[in-house]
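Coordinates only, no sequence provided:
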């Protein structure tokens, strides 16, 4: 049995970064876990991808926004050690998957991702001794998609908006 979760994703050439799961998913289907702080740091860099972000802004958005418990103790965090551990995890097959560029006297930047998206992450369950029952696995749909496809209230409201638009159009022309 597999479990799926809808997550945000920054897709780069060799890796997908899923900040909601603190996870790097490589295209060879291996995964690398990130700590909360590594994930937050990379998420801020990806959010501002293509732009140079100052170390103070990066620090504030990575640590101060984590919550009230970390605001008073943010002196204990060290960006340099966090960058070192993150760079090790971003290296895969002797290549840097998401290069973090240091712009001297200004800050840091990462390249633009190929794509930002939401995707279903599949969690693999360990194999069990019991034979699985055969069933057809349906592709999960979002709540919004379900409402648009199946809700009569939604269809009626769209129809009423369309009629109101037509009435307003003709009233404007008079």
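On my side now, so go ahead. Just so we're clear, the structure is a prediction, and the values are computed from it rather than from any experiment. Numbering: from 1, shown residues only.

after the lowest-mean-pLDDT helix or strand in the chain, next one along is what?
Counting by mean pLDDT, DSSP states H and E, the chain has its least confident helix or strand at helix 68-71, which shows a mean of 50. Downstream of helix 68-71, the first helix or strand assigned by DSSP states H and E is helix 79-90.

Please identify the buried residues of that following helix?
79, 82, 83, 86, 89, 90 (16 or more other C-beta atoms under 10 Å). Heads up, the C-betas are built off the backbone N, CA and C, glycines and all.

so how far is residue 32 from the last one?
Read it as residue 90. Residue 90 is 8 Å from residue 32, where distance means C-beta to C-beta, to the nearest Å.

Next: the third one.
Noted for residue 83: a distance of 16 Å to residue 32, by C-beta to C-beta.

now the fourth one
The spacing between residue 86 and residue 32, counted by C-beta to C-beta, is 10 Å.

joint contacts of the two?
By C-beta atoms under 8 Å, 6 or more residues apart in numbering, residue 86 and residue 32 have no common neighbours.

Next, show the common contact partners of residue 90 and residue 32.
In contact with both residue 90 and residue 32: residue 24, using C-beta under 8 Å, 6+ apart.

Flag the shaky bits of this structure, pLDDT-wise.
By pLDDT under 70, the weakly predicted segments of the chain are 1-3, 65-77, 120-146, 148.

run the last query once more with 50
70-74, 127-137 (pLDDT under 50).

ok, which stretches of it are helices?
For the chain, helices defined by DSSP state H occupy the ranges 36-47, 55-63, 68-71, 79-90, 143-150, 152-173.

The ones you listed: which one's closest to residue 110?
helix 36-47 (4.6 Å; C-beta to C-beta).

helices and strands around that closest one, which ones?
strand 15-18, helix 55-63, helix 79-90 (3 or more C-beta pairs under 8 Å, 6 or more residues apart in numbering; DSSP states H and E).

Show me how the record splits this structure into domains.
3-119, 141-174 (automatic domain parsing).
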